[in-house]
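Peer 1: Fold the following, please.
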Amino acid sequence: MTIDFYTWNTPNGRKISVALEEMGLSYQVHPINIGKGEQFGEAFLKISPNNRIPAIVDPDGPGGAPISVFESGAILLYLAEKTGRFLPRDPRQRVPVLEWLMWQMGGFGPMPGQVHHFLTVKDPQDQRYGLERYRKETHRLYGVMDRRLAQHEYFAGEISVADFAILGWAWRHERHQVNLADYPNVKRWYEQMMARPAVQRGFAVSLG
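Peer 2: Residues are numbered from 1 along each chain as shown. Modelled structure (predicted):
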């Protein structure tokens with residue numbers, strides 16, 4: 001059955017389009033134009049109580065009953081459990097997937113997202129401190145990634161939902177003013193991920 005995918009063309013939205021393609025799941029995109037405030041509509045609120053994209057409705061949820069899921073990390077875990085792909089069953093192998101997924105959700109997303117915000121601030125006095133702070137932290141996070149990928153092909157060893165989550169934000173590296181040449185291991189991983197046919201489909205699909 002077809003999953004209803006409510007989203008917009010953002011890093012968090014692209015995480016899910018990539019995952020859906022990689023997992024071979026049928027889905028239909030329902031654009032939620034966040035620039036026009038559509039995420040605050042009453043119908044969407046019932047699916048995503050935090051008024052944020054992405055969210056999904058799976059008509060074939062647990063026990064065959066429909067289920068809605070909001071928050072991109074929760075969606076990735078749900079889809080991985082549903083398909084049995086990109087999330088190891090062995091607890092020792094699963095732990096690094098969860099670690100790097102939570103690392104993305106808590107840091108490599110919120111921090112470059114703040115860079116995006118402060119780049120749009122017009123007043124230099126208002127912009128300076130925030131941009132300096134969050135740009136520095138964003139580069140620190142890229143350094144964490146680079147050190148990890150120096151020892152591992154993917155973040156958790158084998159490709160996993162953690163890679164899909166991180167890729168959504170690495171995709172915007174130019175926007176948060178990071179040159180991947182400064183992080184050669186990240187560059188290798190990024191190019192390897194973006195060369196995957198399913199990833200290319202996930203980025204090519206229109207999200208609005």
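Peer 1: Which residue ranges of this protein form helices?
Peer 2: 11-22, 42-47, 72-83, 91-106, 110-119, 124-151, 161-170, 184-194, 197-204 (DSSP state H).
Peer 1: List the residues that contact residue 172.
Peer 2: Neighbouring residues of residue 172 by C-beta atoms under 8 Å, 6 or more residues apart in numbering: 11, 112, 116. No exception for glycine: its C-beta is placed from N, CA and C like everyone else's.
Peer 1: The same query, at a cut-off of 10 Å, please.
Peer 2: With contacts taken as C-beta atoms under 10 Å, 6 or more residues apart in numbering, residue 172 has the following neighbours: 10, 11, 14, 109, 112, 113, 115, 116, 178.
Peer 1: Next one: it relative to residue 84, how far apart?
Peer 2: 30 Å (C-beta to C-beta, to the nearest Å).
Peer 1: So residue 4 versus residue 204, what's the distance?
Peer 2: On the measure of C-beta to C-beta, residue 4 and residue 204 end up 20 Å apart.
Peer 1: Actually, residue 18.
Peer 2: Applying C-beta to C-beta to residue 18 and residue 204 gives a distance of 10 Å.
Peer 1: Repeat that for residue 13.
Peer 2: 13 Å.
Peer 1: looking at it, residue 112 is touching residue 174, isn't it?
Peer 2: No. Proximity of residue 112 to residue 174 does not meet the contact threshold set by C-beta atoms under 10 Å, at 11.1 Å.
Peer 1: Comparing those two, which shows the higher neighbour count?
Peer 2: residue 112 (26 against 9; other C-beta atoms under 10 Å).
Peer 1: Okay then, goodbye and thanks.
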